[in-house]
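Enquirer: Let's see this in three dimensions:
(2 chains)
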Amino acid sequence: GAVVSQHPSWVICKSGTSVKIECRSLDFQATTMFWYRQFPKQSLMLMATSNEGSKATYEQGVEKDKFLINHASLTLSTLTVTSAHPEDSSFYICSAGPFNDKYEQYFGPGTRLTVT
Amino acid sequence: GENVEQHPSTLSVQEGDSAVIKCTYSDSASNYFPWYKQELGKRPQLIIDIRSNVGEKKDQRIAVTLNKTAKHFSLHITETQPEDSAVYFCAAVSSRGRALTFGSGTRLQVQP
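Expert: Below is the predicted model:
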């Protein structure tokens, strides 16, 4: 159990366009999901916490108007990168959990975004 | 907020040797410490974790130790194999349901 999917797995877009990334918990309900960004050869950095039915909480330095997060159901959170620029090119990973009495977070497979 | 430091950034060992990666954390309220293995382009894979009420945990060739007083925890891999080569991340979380704070990562290379 505890499977998280992400779509798309990779995307190439032109500068100035918007891209939506979906994160789904397939076999459990997730009131909270997290979005991380990972640049090449760097660690995972938390961008925002996505809360079902309420506004996302963004980390310092992350523009909420640029990275739009919607958590409309207990199994789906979306991240939209608006007006993408080459510097937004990165590996975006979501996680969900915990559930039951565990602490473990479950990661999606990630989305490789390349902005040309 | 939490700050997690990880050392070394790179580690090269001979096959069969042991590898040790160390992390320190800043928030004394942190109570869950997972370790992840990440291969290029893939999601982090949980390899072992420890809660703050436990000092040591072992799973076959992998062990984690936690010193709450000193606020540091370590990953120990024994009898390393070439397939252990990857980037390893430590992480900490201050309470259940909160986001993970990751260390900077250690690139482990196991030479055959």
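Enquirer: Distance of the residue nearest the centre of chain A relative to A:Leu79?
Expert: In chain A, the C-alpha nearest the mean C-alpha coordinate belongs to A:Trp35, at 3.6 Å (Cα atoms, centre = their mean). Taking Cβ to Cβ, to the nearest Å as the measure, A:Trp35 falls 5 Å from A:Leu79. Bear in mind the C-beta positions are built from the backbone N, C-alpha and C, glycine included.
Enquirer: quick one: contacts for A:His71?
Expert: By Cβ atoms under 8 Å, 6 or more residues apart in numbering or on different chains, A:His71 lies in contact with A:33, A:50-54, A:56, A:77-78.
Enquirer: So which bits of chain B are right by chain A?
Expert: B:32, B:34, B:41-44, B:46, B:49, B:51, B:89, B:93, B:96-97, B:99-105 (Cβ under 8 Å from any Cβ of the partner chain).
Enquirer: For ChimeraX, what selects the buried ones among those?
Expert: In ChimeraX, a selection of the buried entries from these looks like this (16 or more other Cβ atoms under 10 Å in any protein chain shown):
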select /B:32,34,43,44,49,89,93,99,100,101,102,103,105
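Enquirer: Now do the shared contacts for A:Trp35 and A:Leu79.
Expert: Both A:Trp35 and A:Leu79 are contacted by A:23, A:47-48, A:67, A:69, A:92, A:94, under the criterion Cβ under 8 Å, 6+ apart.
Enquirer: Show me where chain B dips below the pLDDT cut-off.
Expert: Scanning chain B for pLDDT under 70 picks out the ranges B:96.
Enquirer: A:Thr31: neighbouring residues, count only.
Expert: With neighbours defined by other Cβ atoms under 10 Å in any protein chain shown, the count for A:Thr31 comes to 14.
Enquirer: Next one: it from A:Met47, what distance?
Expert: Taking Cβ to Cβ, one finds A:Thr31 at 18 Å from A:Met47.
Enquirer: One more: B:Gln60?
Expert: B:Gln60 is 34 Å from A:Met47, by Cβ to Cβ.
Enquirer: same question, A:Tyr36
Expert: Counting by Cβ to Cβ, the gap from A:Tyr36 to A:Met47 is 6 Å.
Enquirer: and A:Glu87, backbone torsions?
Expert: Dihedral angles of A:Glu87 (phi, psi; degrees, to the nearest 10) stand at phi -70, psi -10.
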